[in-house]
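K.L.:
give me a model of this one.
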Amino acid sequence: QVQLVESGGGLVQAGGSLRLSCAASGRTFRSSAMGWFRQAPGKEREFVGCITWSGSTYYSDSVKGRFTISRVNAKNTVYLQMNSLKPEDTAIYYCVVDVTLTTTGRASFGFSGQGTQVTVSS
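P.N.:
Numbering: from 1, shown residues only. As a prediction, the model looks like this:
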């Protein structure tokens, strides 16, 4: 049974930084892309970014250059470093595994965690 446990959310002022962590367990995640989605109030869940087992990263245009995803394979852990945060980054952030991206840029995932709230005040 796959379990994903996020931590590190909270309240931060615009321009500030936060680092989210996610510990995965329940099976091997070798060859699985891990990453993050987010969902703001009243909006659909959207792709933030992901990282492959080998370390290749992909980001949505809205966070590119501000957010960085990393992972420690030996610990089955993925991180999301968020810098230069904006009020529009306010959302529940979900750790996900088995991320797939299509050539048209659509993203999907296999499993997600319960989410952690990130609130950016102006």
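
K.L.:
starting at the chain centroid, how far to stretch 47-65?
P.N.:
Chain-centre distance of stretch 47-65: 9 Å, with C-alpha atoms, centre = their mean, to the nearest Å.

K.L.:
number of nearby residues for S21?
P.N.:
By the measure other C-beta atoms under 10 Å, the count of residues near S21 is 17. (Each C-beta comes from the backbone N, C-alpha and C, glycine too.)

K.L.:
low-confidence bits of the chain, can you list those?
P.N.:
For the chain, no stretch has pLDDT under 70.

K.L.:
please, where are all the strands along the protein?
P.N.:
Using DSSP state E, the strands of the chain run over 3-7, 10-13, 18-25, 34-39, 46-51, 57-59, 67-72, 77-82, 91-97, 100-101, 107-108, 111-112, 116-121.

K.L.:
other residues contacting the first one?
P.N.:
Contacts made with strand 3-7 from outside it, assessed by C-beta atoms under 8 Å, 6 or more residues apart in numbering, are listed as 20-26, 93-97, 111-116.

K.L.:
pull out the buried members of the residues you listed.
P.N.:
In terms of neighbour count (16 or more other C-beta atoms under 10 Å), the buried residues within those are 20-24, 93-97, 111-113, 115-116.

K.L.:
for the most centrally placed residue in the chain, give its distance to S122.
P.N.:
Nearest to the mean C-alpha position of the chain, by C-alpha atoms, centre = their mean, lies W36 at 2.0 Å. Noted for W36: a distance of 23 Å to S122, by C-beta to C-beta, to the nearest Å.
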